[in-house]
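Chemist: Quick one, structure for this:
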Amino acid sequence: MVLSEGLPPLSPLSLKAYGTMGEPWGPTKTPTRRSYLVVAVLCFLNLVNYMDWFLVAGVLLDIQRYFGLVDSTAGLLHTVFILCFLFSAPLFGFLGDRYNRKIILGAGILLWSGMTLGSSFITESMAWLFFVSRGLVGAGTASYSTLAPTLIADLFEKDHRTWMLSLFYIFIPVGSGLGYILSSGMAQATGHWSWGFRVTPCMGAVGLVFLIFLVPKSANASAEKLEDNDVRGGGSTWLQDVSSLCKNRSFLWSSLGVTAMGFVTGALSFWIPVFLYRAQLVLHWIPPCEKVETCNTSNSRIFGGITIATGILGVVTGAEAARRYKKINAKADPLICALGSLASAPCMYLAIMLAQDSILATYVSGEKIFTNLLESCPAFLPAWDFFSKHSHLT
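Modeler: Model (predicted):
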């Protein structure tokens, strides 16, 4: 047994790396109804997770006015969030490889939901506390983004696993778009930005109840077929795990590609509603924020809808294109990913340059950006699936 204070220990047999790090033991099992129910719960929580990510972006203008933040300081909100996410994710990965992932996930959900709810009651003079709360939200969401896919990987094998992970990741753009729509819609309906931050914690609480009662502690029954000396994760250190990953070139290049894509989409997704608002000011379409009770948030709702539609379209078409192209080219996955990212570059340029003349043209170009970028996401799934089955962490 592997023991540690504060978390229930797992037996070595359950410390198997996610998704069977190696070839499947024995015949492939048909997924049960319980497995699909677990995926439904995890998809719902992933939806809530990414809604929390983009609540701030949907009402950024109102938050800036409320706390008196200039653009550079407002941008720090997202920087704090991402940095806390960045440093927390490896920690949760380390813990999840050794202890009960269900408990760690529950703690993460409590953290991010509690901090989101608490941030809605912060007064104007306590701006620094709002920054702290966003950092803690980032840390909490890191637990979910890191560990939830591994539960799905434990429940399914081969093509079933890839499709279930694809379904799980579809809720990233859907949740992101709903985050814009929820926060901006609640601000418009109530006259204050904070009300949107009180809805997702309730959804998180519902998801936590589902997690407790419907998700098993150890999803993969085939773990019992592993011998003690074949178990990886429980006997390695974090530095050993990182060292092993750094020797995997496919993993490194894929990570760099995702990082580059995340850099672009992160900046655009956070600032695009403000950018479009200011473009409309130049065109004299709307009054300045200072002259109205709440800032115009219609751009957030429109952009949220575009994110949802193109996100679903991008994931589905990207996965299907990779599947078909793979019949004639084994390198279909990275090629589809690269093509989607490259095609988005001119669309991004057009979206920025056309904003001062035509908001509609910017929306059309922006739609193409996110369709092309999100098409590349499914291409990482087969590679991740192959890595999870053939790569050794220790």
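Chemist: my guess is Ser300 meets Gly179, correct?
Modeler: No. No contact is recorded between Ser300 and Gly179 when judged using CB atoms under 8 Å, the distance being 9.2 Å. For glycine as for every other residue, the C-beta is placed from the backbone atoms N, C-alpha and C.
Chemist: Give the residues shared as contacts by those two.
Modeler: 57-58 (CB atoms under 8 Å, 6 or more residues apart in numbering).
Chemist: Show me which of these two is the more surrounded one.
Modeler: Ser300 (31 against 28; other CB atoms under 10 Å).
Chemist: Could you pull out the buried residues of the one helix or strand that one maps to?
Modeler: With elements taken from DSSP states H and E, the one containing Ser300 is helix 298-325. For helix 298-325, the neighbour count (16 or more other CB atoms under 10 Å) marks 299-315, 317-319, 321-323, 325 as buried.
Chemist: Which strands and helices lie in contact with that helix?
Modeler: Applying 3 or more CB pairs under 8 Å, 6 or more residues apart in numbering; DSSP states H and E, one finds that helix 298-325 contacts helix 55-58, helix 158-190, helix 249-282, helix 332-354, helix 359-375, helix 377-390.
Chemist: nearest to Ser119, of the ones you listed?
Modeler: helix 55-58 (9.1 Å; CB to CB).
Chemist: Mind giving me the packing neighbours of whichever helix or strand comes after that closest one?
Modeler: Heading C-terminal from helix 55-58, the first helix or strand you meet, by DSSP H and E, is helix 60-67. With contacts taken as 3+ CB pairs under 8 Å, 6+ apart, helix 60-67 sits against helix 71-96, helix 127-155, helix 249-282.
Chemist: could those helices be laid out in TSV, adding mean pLDDT and mean neighbour count?
Modeler: Below are the helices and strands packed on helix 60-67 laid out as TSV (pLDDT from 0 to 100; neighbours: other CB atoms under 10 Å):
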stretch	mean pLDDT	mean neighbour count
helix 71-96	92	17
helix 127-155	92	22
helix 249-282	85	16
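Chemist: Turn those helices into CSV, including distance to Gln64.
Modeler: Shown next, in CSV, are those (distance: least, CB to CB, whole Å):
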stretch, distance to Gln64
helix 71-96, 5
helix 127-155, 10
helix 249-282, 8
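Chemist: Could you say which one of these comes nearest to Leu208?
Modeler: Closest of the helices and strands packed on helix 60-67 to Leu208 is helix 127-155, at 10.9 Å (criterion: CB to CB).
Chemist: The closest one versus helix 60-67: what angle between them?
Modeler: 140 degrees (axes from the mean of the first three to the mean of the last three CA atoms, to 10 degrees).
Chemist: Next, the angle helix 158-190 makes with helix 127-155.
Modeler: Computed by the same axes, to 10 degrees, the angle between helix 127-155 and helix 158-190 is 150 degrees.
Chemist: Make 13 the starting number, not 1.
Modeler: Yep, numbering from 13; the last one is helix 139-167 now.
Chemist: circling back to that earlier point, so for Ala350, which of the helices and strands packed on helix 72-79 sits nearest?
Modeler: helix 261-294 (8.1 Å).
Chemist: Confirm that Ile134 sits in a helix.
Modeler: No. Ile134: not assigned to a helix; according to DSSP: H, G, I helix; E, B strand; the rest coil it is coil.
Chemist: which residue packs closest to Phe263, ignoring adjacent ones?
Modeler: Leu257 (5.7 Å; CB to CB, 6 or more residues apart in numbering).
Chemist: Which strands or helices does the helix or strand hosting the one you found pack on?
Modeler: Per DSSP H and E: Leu257 is located in helix 250-258. For helix 250-258, the helices and strands in contact under the criterion 3+ CB pairs under 8 Å, 6+ apart are helix 83-108, helix 261-294.
Chemist: Please tabulate those in TSV, including the columns distance to Ser155.
Modeler: As requested, the helices and strands packed on helix 250-258 are exported to TSV (distance: least, CB to CB, whole Å):
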stretch	distance to Ser155
helix 83-108	4
helix 261-294	18
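Chemist: To Leu122, which of those lies closest?
Modeler: helix 83-108 (13.8 Å).
Chemist: Quick check: what element follows the closest one along the chain?
Modeler: helix 113-131.
Chemist: neighbouring contacts of that next one?
Modeler: 19-20, 57, 61, 64, 67, 104, 107-108, 141-142, 145-146, 148-149, 151-156, 159-160, 162-163, 209-210, 212-213, 216-217, 219-220, 223-224, 227-229.
Chemist: got the angle for it vs helix 139-167?
Modeler: Angle of helix 113-131 versus helix 139-167, following the same axes, to 10 degrees, is 150 degrees.
Chemist: centre of the chain versus helix 113-131, how much separation?
Modeler: For helix 113-131, the separation from the chain centroid amounts to 15 Å (computed by CA atoms, centre = their mean, to the nearest Å).
Chemist: show me where pLDDT drops low in the stretch 113-262 of the chain?
Modeler: Within the stretch 113-262 of the chain, the stretches with pLDDT under 70 are 230-248, 250.
Chemist: Now with 50, please.
Modeler: Scanning the stretch 113-262 of the chain for pLDDT under 50 picks out 232-245.
Chemist: cool, the stretch 263-406 of the chain as well?
Modeler: 391, 400, 402-406.
Chemist: Centre of the chain to stretch 107-119, how far?
Modeler: With CA atoms, centre = their mean, you get 18 Å for stretch 107-119.
Chemist: Need the distance between the two termini of stretch 127-138.
Modeler: 15 Å (CA to CA, to the nearest Å).
Chemist: same thing with stretch 338-346?
Modeler: Termini of stretch 338-346 sit 10 Å apart (CA to CA).
Chemist: Mean neighbour count, the helices and strands packed on helix 310-337: which tops it?
Modeler: Most buried of the helices and strands packed on helix 310-337, by mean neighbour count (mean count of other CB atoms under 10 Å): helix 67-70, with a mean of 27.
Chemist: quick check, distance from it to the centre of its chain.
Modeler: On CA atoms, centre = their mean, the centre of helix 67-70 falls 15 Å from the chain's centre.
Chemist: Please apply the same query to stretch 163-173.
Modeler: 19 Å.
Chemist: ditto for stretch 327-336
Modeler: The answer for stretch 327-336 is 20 Å, by CA atoms, centre = their mean.
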